[in-house]
Every structure is written in C-alpha cells, then in structure tokens.
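# predicted model, plus sequence, below.
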Amino acid sequence: MTNDEFRTLALGYPEAVESPHFDRASFRVRKKIFATLVEDQELACLMLTPEDQDVFVAMGKDAVYPVPNKWGEKGATYLDLRNAEPQLIADALEAAYRKFVPG
C-alpha cells in the first residue's frame, strides 16, 4: 500500500482530519490520534487496543509489530505499508478508528 492509499483510507472515516504531529502526519477523530504516517519510511503507527494489537501482530508476521516502548505496551502498533497485506492494513486502521468512535 502506498502512503497516498493509506492517507485516503484514513481520511475516509467520518470526522477524520489530518494534521502534523512532530515529524509525521497524524490522523485524528474527535481530537484523538488514531494513526500516524512516517512517509519517508512508508510506516504507519496505529493506536490499537492491546487485544487488537495481539491479533494484528499475529496476522501480520514481520510487517506488523508493537512500538518498542511504553506506547507499544498500550497498543501502539507499527505497520510496514510496503509489506503488510492491504486488507490487513484496512482492518487494523478500522480497529484504530473504532477505538475512538465505536461502531
């Protein structure tokens, strides 16, 4: 998946907006960040629940992994956009969004 495809998916959710967050783009809903994008590395970071993180890491093999710090313990999860399956990325992004906007 490309950066632009990820951006389009993230901004496709109701109320989703993009704004800068340090050196990356952030995608927010109701003032909460549900995803960020490090464009030069084609790397997304999603704010999942720890339970969702476990599921997506197991499904994503080497392309999905917890952020290696306290944020990772809380569910922050990296997705390598070049190597993760597009459907897995879409499903994980939906889970991150739904953390803040239950369906």
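Noted; the coordinates are in hand. Numbering: from 1, shown residues only.
# which stretches in this structure count as strands?
All strands of the chain, identified by DSSP state E, fall at 17-21, 24-29, 32-38, 43-47, 64-66, 76-80.
# nearest to residue 10, out of those strands?
strand 24-29 (4.1 Å; CB to CB). Any C-beta I mention is one placed from the backbone N, CA and C, and that applies to glycine too.
# what average pLDDT does the closest one get?
Mean pLDDT, computed over strand 24-29, is 98.
# now stretch 73-80
On average, stretch 73-80 scores 98.
# what sits closest to residue 76 if chain neighbours are left out?
Leaving aside its sequence neighbours, residue 76 sits nearest to residue 67 (CB to CB, 6 or more residues apart in numbering; 4.1 Å).
# before we move on, what about residue 34?
residue 96 (4.4 Å).
# my read: residue 73 touches residue 50, true?
Yes - counting by CB atoms under 8 Å, residue 73 touches residue 50, with 7.4 Å between them.
# what are the contacting residues of stretch 28-48?
Here stretch 28-48 makes contact (CB atoms under 8 Å, 6 or more residues apart in numbering) with 2-3, 6-7, 10, 13-19, 21, 23-27, 56, 67, 75-82, 89, 92-93, 95-97, 99-101.
# neighbours of residue 95, how many?
Residue 95 has 21 neighbouring residues, counting by other CB atoms under 10 Å.
# my understanding was that it contacts residue 51; is that so?
No - taking contacts as CB under 8 Å, residue 95 lies outside contact range of residue 51: 9.6 Å.
# and the residue nearest to residue 76, how many residues sit next to it?
17.
# so it makes contact with residue 78?
Yes - taking CB under 8 Å as the definition, residue 67 is a contact partner of residue 78 at 5.9 Å.
# can you pull the buried residues of the longest helix seen in the chain?
The helix that spans the most residues within the chain, counting by DSSP state H, is helix 86-100. For helix 86-100, a neighbour-count test (16 or more other CB atoms under 10 Å) marks 88-90, 92-100 as buried.
# one more: stretch 26-34?
Buried residues in stretch 26-34, counted by 16+ other CB under 10 Å: 26-29, 33-34.
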